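K.L.:
I would like the atomic coordinates for the input below:
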Amino acid sequence: MARLFFAVASPEACSQFEAACKFVREQEIVPLPLDISSVSGSVQALRTLDQTDHVGSILCRYHLLTLVAYRNEREPYHQDRRPNLRDRVFKYGYVKQGARKQNEGVKTVSSLALDDLMLEACADLKGIASQRLRREPELKRQRDRLYNRLSDGRNWSLMADRFSRGILALVPTGGSFGLHNHEVQDLPKEAFEAFLVLLEEHRGPFLYDICERVTRGIHKVLLRDSTQLTDDTRQNEAGRLDREPFDSPALLKVCNLDMT
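P.N.:
The predicted structure is shown next:
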């Protein structure tokens, strides 16, 4: 985690972000699946993205975030449909009704939300009963893969919730820090939450500022809705960012995305 603490929004991270924007801007046809507006688009993209490429790594994080956001929207829906009272059946048919305990049925709600995600991701599965998704070998394999995708997206979602979605574009891949997506994704939730608190305490003001600048335009840049960058960004394309100190104002300028 020490590497990640210094890697986030570092000069190297900003340099990679700048290169990613430049790459997308210069491509007439982007050879990457970019639709992050839907679950099905994200699932399809995650099957083909090359994790060793920093552009692909950034896009992968946003696609994972789409899946986690959809799951998080569906869980309250299923929770609201569950009654607050439950029946307990004892021996000889005796039934006693009582209030549900806190967190009781959480696994069931999460499982139903995963079923919704599976059906949303695969249009040809509309109308299929949830039991089939969990029993038929091929469907169960796809469902398990989606479950793993949600696990992969958990820590990225925690980062985005705390600092805004722009931070996902400011974690470098490889380079001098030697970080890759799976290393962030594999960190235990409790340890990662403690790490985010520490990151906020020591680098919060700078990270809030730079992440907000990126958030305002990152989707439009990477989705080709707009590929205009500010003059500050264009002037720094020669690789001078690596000489900047950590949390430098120059890094804030290079992350301005001009959407006008």
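
K.L.:
Tell me where the stretch 1-150 of the chain has strands.
P.N.:
Applying DSSP state E, counting those that start in this stretch to the stretch 1-150 of the chain gives strands spanning 85-89, 95-99.

K.L.:
Next one, pLDDT for the most centrally placed residue in the chain please.
P.N.:
Nearest residue to the geometric centre of the chain (C-alpha atoms, centre = their mean): Leu65, 2.8 Å. Confidence at Leu65, expressed as pLDDT, is 93.

K.L.:
show me where pLDDT drops low in this structure?
P.N.:
Scanning the chain for pLDDT under 70 picks out the ranges 26-37, 47-52, 81-107, 123, 126-127, 129-131, 222-240, 257-260.

K.L.:
Can you show me the helices along it?
P.N.:
Taking DSSP state H as the test, the helices found in the chain are 2-7, 11-26, 39-48, 54-80, 106-121, 130-135, 137-163, 181-185, 189-215, 218-222, 231-235, 249-254.

K.L.:
for those helices, which one sits closest to Arg243?
P.N.:
Evaluated over the helices of the chain, closeness to Arg243 peaks at helix 11-26, with 7.4 Å, by C-beta to C-beta. Glycine gets a C-beta too; all of them are placed from N, C-alpha and C.

K.L.:
and the helices of the chain as a markdown table, adding distance to Asp242?
P.N.:
Shown next, in a markdown table, are the helices of the chain (distance: least, C-beta to C-beta, whole Å):
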| stretch | distance to Asp242 |
| --- | --- |
| helix 2-7 | 13 |
| helix 11-26 | 5 |
| helix 39-48 | 30 |
| helix 54-80 | 15 |
| helix 106-121 | 40 |
| helix 130-135 | 48 |
| helix 137-163 | 23 |
| helix 181-185 | 22 |
| helix 189-215 | 16 |
| helix 218-222 | 21 |
| helix 231-235 | 15 |
| helix 249-254 | 11 |
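
K.L.:
Which of the ones you listed sits closest to Gly174?
P.N.:
Of these, nearest to Gly174 by C-beta to C-beta is helix 54-80, at 7.2 Å.

K.L.:
Pull out the buried positions in the closest one.
P.N.:
Buried positions in helix 54-80, judged by neighbour count with 16 or more other C-beta atoms under 10 Å: 54-68, 70-71, 74-75, 78.

K.L.:
Also stretch 179-199?
P.N.:
Those would be 179, 181, 184-185, 187, 192, 195-196, 199, for stretch 179-199 by 16+ other C-beta under 10 Å.
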